[in-house]
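Participant: Quick one, structure for this:
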Amino acid sequence: MKESVGNPLRLQSVNHISLICRSVEESMDFYQNVLGFYPIRRPGSFDFDGAWLFGYGIGIHLLEAENPEKLPKKNKINPKDNHISFQCESMGAVEKKLKEMEIDYVRATVEEGGIQVDQLFFHDPDGFMIEICNCDSLPVIPLAGEVARSCSLVNLEKMQNQQQIQKMVHQL
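Facilitator: You can find the predicted model right below:
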């Protein structure tokens, strides 16, 4: 395996994801009213239908398909499919809301080192997979050479404090 060279492109963050959709209006409704994104200004120079939304530090760019009838339709919810994942405050509240909105979903659980992560998977109107999880409890552990990180900034600070304490204990 080739050794990592850090950040050769000097990347800073994820800016947006683009999704091709059958209906910009239907997709906007979903991303606003289910996931809580809000519409933002899109350059008027584009010569195709679309919309931009923003939330949680990331943009969603919706692009209307030229031939919507040719887009594949996904019916089965497969957690192993391409997806975007969102961290939530309460899995119970999310599941209750999905039931109220009559959105089909699949539950999954990942256990690692005594840590349990709950996941809910469902589709947007075009079959793109959405995951909602409580992943902040699962540390991001590099394969080699770096310190462990967390999926959330709150837990990252806690983990860094724990690592400092562990270093101090080992020095005693």
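
Participant: how many other residues sit next to residue 79?
Facilitator: By the measure other Cβ atoms under 10 Å, the count of residues near residue 79 is 14. In this view, the C-beta of every residue, glycine as well, is placed from N, C-alpha and C.

Participant: Kindly report the same for residue 94.
Facilitator: 19.

Participant: Name the residues that touch the strand or helix carrying it?
Facilitator: Taking DSSP states H and E as the definition, residue 94 sits inside helix 91-100. Applying Cβ atoms under 8 Å, 6 or more residues apart in numbering, the external contacts of helix 91-100 come out as 88, 105, 107, 118, 120, 122, 132-134.

Participant: quick one: the next helix or strand after that helix to helix 91-100, angle?
Facilitator: The C-terminal neighbour of helix 91-100 among helices and strands, as given by DSSP H and E, is strand 106-112. Orientation check (axes from the mean of the first three to the mean of the last three Cα atoms, to 10 degrees): strand 106-112 against helix 91-100 gives 160 degrees.

Participant: helices or strands next to strand 106-112 in the packing?
Facilitator: The helices and strands touching strand 106-112, judged by 3 or more Cβ pairs under 8 Å, 6 or more residues apart in numbering; DSSP states H and E, are strand 115-123.
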